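S.K.: sequence and predicted structure below; questions after.
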Amino acid sequence: MGGLVFSVVLTVHVLAGLGVIGLVLMQHGKGADMGAAFGSGASGSLFGSSGSANFLSRTTAALAAVFFVTSLGLSYLAGAKAPAASSVMGAGVPAEVPAAPVAPAPAASADDGSKAKDIPR
């Protein structure tokens, strides 16, 4: 269930981000009226109010809000962890399996060229 919710929120997040990018690129920037400040007569829009918000700016603001909310949601979902076991000895801990007996190593023969026979015991 958690994976499905994360995928849906991630999809909405990516679509909102792409929508914000597209809408910002389609809008007419304030810097485009810079030439109007030097003799065209419409210089009031450069530093003054630009009037009421149009459809593109309102849609951009709405998509930016969705992007912000999905960012918070993704960070919450990514940080959510499964509940821990109630105790260290709880379920899921495998029982200790006894080790198989180990056979003793064969004794070294006297003529193998080692100096093990010269070591006092």
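M.R.: Yep, it's here. Residues are numbered from 1 along each chain as shown.
S.K.: number of residues surrounding the residue nearest to G73 when sequence neighbours are not counted?
M.R.: Once flanking residues are discounted, G73 sits nearest to V9: 5.0 Å by CB to CB, 6 or more residues apart in numbering. For the C-beta atoms, the positions are set from N, CA and C on the backbone; glycine is no exception. V9 has 18 neighbouring residues, counting by other CB atoms under 10 Å.
S.K.: run through who's touching the helix or strand harbouring V9.
M.R.: According to DSSP states H and E, V9 maps onto helix 2-26. By CB atoms under 8 Å, 6 or more residues apart in numbering, the surrounding residues in contact with helix 2-26 are 56, 59-60, 63-64, 66-67, 70-71, 73-74, 77-78, 80.
S.K.: secondary structure added to the residues you listed, as TSV?
M.R.: Converted to TSV, the contacts of helix 2-26 look like this (DSSP: H, G, I helix; E, B strand; the rest coil):
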residue	secondary structure
L56	helix
T59	helix
T60	helix
L63	helix
A64	helix
V66	helix
F67	helix
T70	helix
S71	helix
G73	helix
L74	helix
L77	helix
A78	helix
A80	coil
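S.K.: pLDDT on whichever helix or strand S75 is part of, on average?
M.R.: Assigned by DSSP H and E, S75 falls within helix 55-79. For helix 55-79, mean pLDDT is 93.
S.K.: likewise stretch 100-110?
M.R.: For stretch 100-110, the mean pLDDT works out to 69.
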